[in-house]
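Visitor: Please work out how this folds:
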Amino acid sequence: MRFYTVVLFITLSCLQYRLFFGKYSIPDYLMKKTELTRVLKKEISLINQNNVLKYRASDFKHGTDESELIARKQLEMIKPNETFFKISND
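Guide: Model prediction:
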């Protein structure tokens, strides 16, 4: 009877060791889970950036609104027969 108790204790100890310290252990699982969460957040951010870039590219191809807005604000361009007033707060 004592022999079976010792064998059972050793077997249980080995299983517990693998559960907490071996490959695919609980700490390893928790580390992978946090890494997966970080990667998914990064992926969502990149998808959002990609959608914005697709929208801007589509607007440049099919419309003049975006390119006109950029030309007016950054390059201070005006259309023919327009008067441009620049007000500064100096």
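Visitor: Please make it C-alpha for all contacts and neighbour counts, starting now.
Guide: Noted.
Visitor: looking at this structure, which residue lies furthest from center?
Guide: Relative to the centre of the chain, the most outlying C-alpha is that of residue 1, 58.4 Å out, by Cα atoms, centre = their mean.
Visitor: Now do that residue against residue 7, distance only.
Guide: Shown here: residue 1 relative to residue 7, a distance of 10 Å by Cα to Cα, to the nearest Å.
Visitor: before we move on, what about residue 70?
Guide: The separation that residue 70 has from residue 7, given Cα to Cα, amounts to 78 Å.
Visitor: any idea of the mean pLDDT in stretch 35-45?
Guide: The pLDDT scores in stretch 35-45 average 98.
Visitor: ok now that stretch, how far from the chain's centre?
Guide: Remark: stretch 35-45 is offset 4 Å from the chain centroid, using Cα atoms, centre = their mean, to the nearest Å.
Visitor: same question, stretch 76-90
Guide: 41 Å.
Visitor: Give me the contact list for it.
Guide: 71, 72 (Cα atoms under 8 Å, 6 or more residues apart in numbering).
Visitor: cutoff 10 Å now
Guide: 68, 69, 70, 71, 72 (Cα atoms under 10 Å, 6 or more residues apart in numbering).
Visitor: What is the burial count for the second one?
Guide: Translated: residue 69. For residue 69, the count of nearby residues is 13 (other Cα atoms under 10 Å).
Visitor: what's the helix or strand containing it packed up against?
Guide: According to DSSP states H and E, residue 69 maps onto helix 65-74. If contacts are counted by 3 or more Cα pairs under 10 Å, 6 or more residues apart in numbering; DSSP states H and E, helix 65-74 sits against helix 26-62.
Visitor: Let me know the angle separating the helix it packs on from helix 65-74.
Guide: On the basis of axes from the mean of the first three to the mean of the last three Cα atoms, to 10 degrees, helix 26-62 is oriented at 90 degrees to helix 65-74.
Visitor: Nearest the middle, which residue of the protein would you pick?
Guide: Mean-position check on the chain, Cα atoms, centre = their mean. Result residue 42 at 1.3 Å.
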